[in-house]
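**Q** return atomic coordinates for the entry below.
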Amino acid sequence: MEKSCTLLVHFDKGTPAIANEIREALEGNDVPAKIDAMKKAVMLLLNGETLPQLFITIVRYVLPSEDHTIQKLLLLYLEIIDKTDAKGRVLPEMILICQNLRNNLQHPNEYIRGVTLRFLCRLNETEIIEPLIPSVLQNLEHRHPFIRRNAILAVMSIYKLPHGEQLLVDAPEMIEKVLSTEQDQSAKRNAFLMLFTCAQDHAVNYLLTHVDRVLEWGELLQMVVLELIRKVCRTNRREKGKYIKIIISLLNAPSTTVVFECAGTLVSLSSAPTAIRAAANTYCQLLLSQSDHNVKLIVLDQLNELKSSHRDIMVDLIMDVLRAISSPNLDIRRKTLDIVLELITPQNINEVILTLKKEVVKTQGGELEKNGEYRQILIQAIHSCAIKFPEVASTVVHMLMDFLGDSNVGSAVDVVIFVREIIETNPKLRVSIITRLLDTFYQIRAARVCSCALWIIGEYCLSLSEVESGIATIKQCLGELPFYSVSEEGEDTDSSKKAQQVNSIAVSSRRPAVLSDGTYATQSAASETAFSPPTLVQGSLASGNLRSLLLTGDFFLGAVVACTLTKLILRLEEVQPSKVEVNKASSQALLIMVSMLQLGQSLVLQHPIDNDSYDRIVLCIRLLCNTGDEIRKIWLQSCRQSFVKMLSEKQLQETEEIKAKAQISHAQPDDLIDFYHLKSRKGMSQLELEDEVQDDLKRATGEFIKEGDDANKLNRILQLTGFSDPVYAEAYVTVHHYDIVLDVTVINRTKETLQNLCLELATMGDLKLVDRPQNYTLAPESSKQIKANIKVSSTETGVIFGNIVYETSNVHERTVVVLNDIHVDIMDYISPAVCSDSAFRTMWAEFEWENKVAVNTVIQEEKEFLDHIIKSTNMKCLTAPSALDGECGFLAANLYAKSVFGEDALVNVSIEKQADGKLSGYIRIRSKTQGIALSLGDKITLKQKGGS
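**A** Here you go, the predicted structure:
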């Protein structure tokens, strides 16, 4: 059998001590050498050495020592050594120890008495303890509290021994008497703990007798009181009411530890609104009064749990929770905003928005290094508030538009996406947003923000003045044309211009040619001419952003500029009665587009224009040269309709998710109902009545019933040996977050007794065995339940394998039965999760581990294959259902999941239908750790085939 270990000391195996050296040091008179030798002896014993020859030396030379350190080490030595023989009888030499322990218990020095009493708490041998009991009891009345508190612990541990109740018959009464007279807080706590563990009724009586004074007791004792209340209420729910009153009184205790425990206990025991409100208020006070970031995060977690179960109560405290964003820590701010955003109602939205606006303004001061990131979080929070409550958009949108030129690109992108959504959902704000956007457009520095802002200008400039302002703004930001100049060979070029040495460049003269179907094409006549180096024309200072971005080679932005100008000219045709003005604007737009094409094909820039942007700009040029009603409809209406459809789908998806969350389990129709109106209210306080009502409601809605899916349980039973093996074994595997419990049933199928039967397990992967295997004796045709714990440290597929070893009386050799392997499935550790598209793309770019799996399946429909992969991998599809509709022979979708260890798993499915009807393509998996990428890849390879 394994022995229990009460002591752990780090042991450096590099320098093993020799028993003879230790003995010599112990026999000498040098105290430091003795102390060193005792430490070595204790370490060797802890690491499996027996050192039987040392015992007598220690009895002769160490027992008489008066040095306190030596005496303490002696007690540690006695704690570790075997005090019984193989049959469990106490060794005769232990009698020598007994007398010494008795002397120690009557020693004039308080320290020696105290540590000896502490040592007795770890003794299990009744024969050694029995003669010492009178001395222990005497110490209960000692004048020094250190001795009294250890004496109480000694009494408790003796009383808990197998025959302890016979050794100390009246221990509870004795301790209760001590408790009533004791003044020392620590000793009082130990006495109450003894009653709580050994005689609960006495503890409850004492508590209820002194209920008025609980608030005056020390922190240690109050913590034990809370533990007692939890235990009593679990076993006897009817008595809950009076205990909840005690907890609520303890909420006023001076100790924050007690107050935090009280709040947690209240929430776990009661659902009464008064109790929950008291707990939530307590958490909010702790959130503001504690400076430690970890404490704040823990309290926020508790508030988050309360929010999911008691949202109506938490809504009233929203402003108290929101005050936590004053903390400089970004994690605390993020968590606080996550909680607050789910508690917003029409009544509190204005207050919340006001606070968030103030915080956004504060971030403009550059004291903190993470201001940009915090501003981004705040903008996202304001965005979601404005989507839920459109009426507040008008109060925030103009303030946020100041941040379009923010140096933190992330927050600028968030602002422009917010503006894009608000301008569509709030038609009243359209004119003011457009005016403001045109005024601040020149401040925008990021290409992504420019692209989105240009789209807004192209779609929402509707009146004549807006369209003209839009065209003028774009022209101003592009600056003077051309974008670069080529001066003749003889002339001197300005030294301020950027020069690039080119001896000869190909200049294309492009002229339109009419094709057979009536469309235009461009044909090139390349001529090679010698020029002096072409140089970029920087333009005036005011013509900032678009020009400088184009001159860095961002031609995607150039294509967006061309499309925006095209839309504005098409709209100008509708709203401008003067044809001359329209033609003038149109020719200027064409000049800008041609200039961009020339810049893209010149050698001034390191990278020429990409084909896609080139095609888009050419398309815009053709369109302005030859417009038709059908094309006008596509450009001026279809884009907006697509955007509106995207927004409505996003909203629909969010409402569906909220509905899915709201569906809670209900009880069976034939369950008993307890009508609380018929309850006797005699002698019940308002709180007790509330608590009873809430309990009945919970019972009625099935919340008390634990969901045990028996069919699912049977799926988790694995057969480990064959039916014809002499020992049959099967395991029920339970996977908790960080450990796996194997409940193995072993059945002896023979007519013989199996001796020293041992279940030996080994693991592969990031799995670690916690317990050492034990030996059992199994009677003929009997069974035994063996539990094995395995720790898991990362998300990857692991394997548990092993064998059962046993002996029989006939054969002296050990028999081995090899067990089937148990594969730990990665699916037990990952769960579907949601993240934004931008977050997915960021992670996709950052994660270094990628596993690429080629599609190989019998499934012939793209959508069906995707559903099969989602089901097999337990992941969430981030791609909107509308994007997957229709039959086009192609499908691309992103899947996302999170592991219990907080790791992210990203999957991209890209498939195509071949001419023969089969699917081909790739599934790419990315993660931060190798384990997830490989394990998910194996899982997909195994499951993707599909079919029956």
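
**Q** report the contact partners of residue 906.
**A** 840, 843, 844, 847, 894, 895, 896, 925, 926, 927 (Cβ atoms under 8 Å, 6 or more residues apart in numbering). C-beta here means a position set from N, CA and C on the backbone, and glycine is covered the same way.

**Q** now the closest residue in space to residue 256 that isn't next to it in sequence: how far from residue 295?
**A** Distances taken as Cβ to Cβ, 6 or more residues apart in numbering place residue 286 nearest to residue 256, at 6.4 Å, with adjacent residues excluded. Residue 286 sits at a distance of 7 Å from residue 295 (criterion: Cβ to Cβ, to the nearest Å).

**Q** before we move on, back to that, so which of the contacts of residue 906 is the closest to residue 56?
**A** residue 927 (61.8 Å; Cβ to Cβ).

**Q** one step back: with pLDDT, secondary structure and distance to residue 378 as extra columns, can I get the contacts of residue 906 in a markdown table?
**A** What follows is those, written out as a markdown table (pLDDT from 0 to 100; DSSP: H, G, I helix; E, B strand; the rest coil; distance: Cβ to Cβ, whole Å):
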| residue | pLDDT | secondary structure | distance to residue 378 |
| --- | --- | --- | --- |
| 840 | 90 | helix | 22 |
| 843 | 90 | helix | 22 |
| 844 | 91 | helix | 26 |
| 847 | 89 | coil | 28 |
| 894 | 93 | strand | 27 |
| 895 | 93 | strand | 30 |
| 896 | 93 | strand | 25 |
| 925 | 93 | strand | 34 |
| 926 | 93 | strand | 30 |
| 927 | 91 | strand | 30 |
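
**Q** JSON lines for those, including neighbour count and distance to residue 568?
**A** Below are these laid out as JSON lines (neighbours: other Cβ atoms under 10 Å; distance: Cβ to Cβ, whole Å):
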{"residue": "840", "neighbour count": "19", "distance to residue 568": "34"}
{"residue": "843", "neighbour count": "17", "distance to residue 568": "37"}
{"residue": "844", "neighbour count": "15", "distance to residue 568": "35"}
{"residue": "847", "neighbour count": "18", "distance to residue 568": "41"}
{"residue": "894", "neighbour count": "18", "distance to residue 568": "35"}
{"residue": "895", "neighbour count": "24", "distance to residue 568": "40"}
{"residue": "896", "neighbour count": "19", "distance to residue 568": "39"}
{"residue": "925", "neighbour count": "24", "distance to residue 568": "45"}
{"residue": "926", "neighbour count": "23", "distance to residue 568": "41"}
{"residue": "927", "neighbour count": "25", "distance to residue 568": "45"}
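
**Q** from those, which is closest to residue 170?
**A** Closest approach between these and residue 170, by Cβ to Cβ: residue 927, at 63.6 Å.

**Q** tally of neighbours for the residue lying closest to the closest one once chain neighbours are set aside?
**A** Once flanking residues are discounted, residue 927 sits nearest to residue 933: 4.7 Å by Cβ to Cβ, 6+ apart. Counted by other Cβ atoms under 10 Å, the residues lying close to residue 933 total 24.

**Q** torsion angles phi and psi at residue 933?
**A** When read as degrees, to the nearest 10, the backbone of residue 933 gives phi -60, psi -50.

**Q** pretty sure it is touching residue 924, no?
**A** No - taking contacts as Cβ atoms under 8 Å, residue 933 lies outside contact range of residue 924: 9.6 Å.

**Q** what do these two both touch?
**A** Residues touching both residue 933 and residue 924 by Cβ under 8 Å, 6+ apart: 850, 851.

**Q** who's in contact with residue 741?
**A** Applying Cβ under 8 Å, 6+ apart to residue 741 gives the contacts 733, 734, 787, 788, 789, 790.

**Q** mind running it again at 10 Å?
**A** Applying Cβ atoms under 10 Å, 6 or more residues apart in numbering to residue 741 gives the contacts 731, 732, 733, 734, 735, 770, 787, 788, 789, 790.

**Q** among the residues you listed, which are in strands?
**A** Secondary structure from DSSP state E places 731, 732, 733, 734, 735, 787, 788, 789, 790 of the contacts of residue 741 in strands.

**Q** among these, which one sits closest to residue 317?
**A** Distances from residue 317 to the ones in strands among the contacts of residue 741, taken by Cβ to Cβ, are shortest for residue 735, at 36.6 Å.
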